[in-house]
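S.K.: any chance you could fold what I've pasted below:
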Amino acid sequence: MERLKSHRDFVAVLKRRRRVSREDIVVHYLMHDDAIIDDSATKRGRRVGLAVSKAVGNAVTRNAVKRRFRVLARKYESALPESCDIVLRAKPSAAHADFLSLEQQIVACFEAVNRKAVRQ
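M.R.: Numbers count the residues shown, from 1 in each chain. Below is the predicted model:
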C-alpha cells in the first residue's frame, strides 16, 4: 500500500465527505473513479494517509497510534477496493484503545468502505 503524501491528496479525499466511523477511528475514502482525472492517466492502487491530531496526545502517543494504524492498514488492505485513497483519522479516544479493539474497528471500517464502493 502506498502513502498519501501531498496536502492536495489529503484535501481531495477529505473534501468528498465520504466516510465510515467507529468509536476510535474515522475512515475517509475516495474512489479513483470519482476523482477528477489528473495529468497522469495511470491507474493508481490503494493509498493511505494518516491524520492524528494533537488532541490525541503528546508526540509519543501520536506516534504510537500511527504505528498501530500503519500495521493494521497493511494487514487488512485486501479488504479495500483496488483503486481507492483512504485517510485514517484518529479520534482522541484512540490513544487509550487497545490493539485488538483498533483491529476490529479497522476491519469493520474497511469492509464498510468496500460495501459502499460496490454499491456506487
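
S.K.: quick one, strands of the protein?
M.R.: When assigned using DSSP state E, the strands of the chain occupy the ranges 2-3, 19-21, 25-31, 47-51, 84-90.

S.K.: could you tell me the least trusted of the ones you listed?
M.R.: Averaged per stretch, pLDDT over the strands of the chain is lowest on strand 2-3, reaching a mean of 90.

S.K.: what sits up against that one?
M.R.: Strand 2-3 is contacted from outside by 44-49, using CB atoms under 8 Å, 6 or more residues apart in numbering. (Glycine included, C-beta is placed from N, CA and C.)

S.K.: switch the cut-off to 7 Å
M.R.: 45, 47-49 (CB atoms under 7 Å, 6 or more residues apart in numbering).

S.K.: note down every partner strand of that strand and its orientation.
M.R.: Using DSSP bridges, the strands paired with strand 2-3 in its sheet are strand 47-51 (parallel).

S.K.: and the strands of the chain as TSV, adding distance to Asn114 and mean neighbour count?
M.R.: Rendered in TSV, the data for the strands of the chain read as follows (distance: least, CB to CB, whole Å; neighbours: other CB atoms under 10 Å):
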stretch	distance to Asn114	mean neighbour count
strand 2-3	18	11
strand 19-21	10	17
strand 25-31	10	21
strand 47-51	14	19
strand 84-90	9	24
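
S.K.: alpha carbons only: can I get the longest helix seen in the chain in CSV?
M.R.: With DSSP state H setting the assignment, residue counts place helix 99-119 as the longest helix in the chain. In CSV, the C-alpha atoms belonging to helix 99-119 read as follows (Å, rounded to 0.1, in the frame of the first residue of the first chain):
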residue,chain,number,x,y,z
PHE,A,99,-4.7,-3.0,19.8
LEU,A,100,-7.5,-5.7,19.5
SER,A,101,-10.2,-3.0,19.6
LEU,A,102,-8.5,-0.9,16.9
GLU,A,103,-8.0,-4.0,14.8
GLN,A,104,-11.8,-4.9,15.0
GLN,A,105,-12.7,-1.3,14.1
ILE,A,106,-10.3,-1.2,11.1
VAL,A,107,-11.7,-4.4,9.8
ALA,A,108,-15.3,-3.2,10.2
CYS,A,109,-14.5,0.2,8.6
PHE,A,110,-12.6,-1.4,5.6
GLU,A,111,-15.4,-3.8,5.0
ALA,A,112,-18.0,-0.9,5.1
VAL,A,113,-15.9,1.1,2.6
ASN,A,114,-15.8,-1.9,0.3
ARG,A,115,-19.6,-2.4,0.6
LYS,A,116,-20.3,1.2,-0.1
ALA,A,117,-17.9,1.3,-3.0
VAL,A,118,-19.5,-1.7,-4.7
ARG,A,119,-23.0,0.0,-4.4
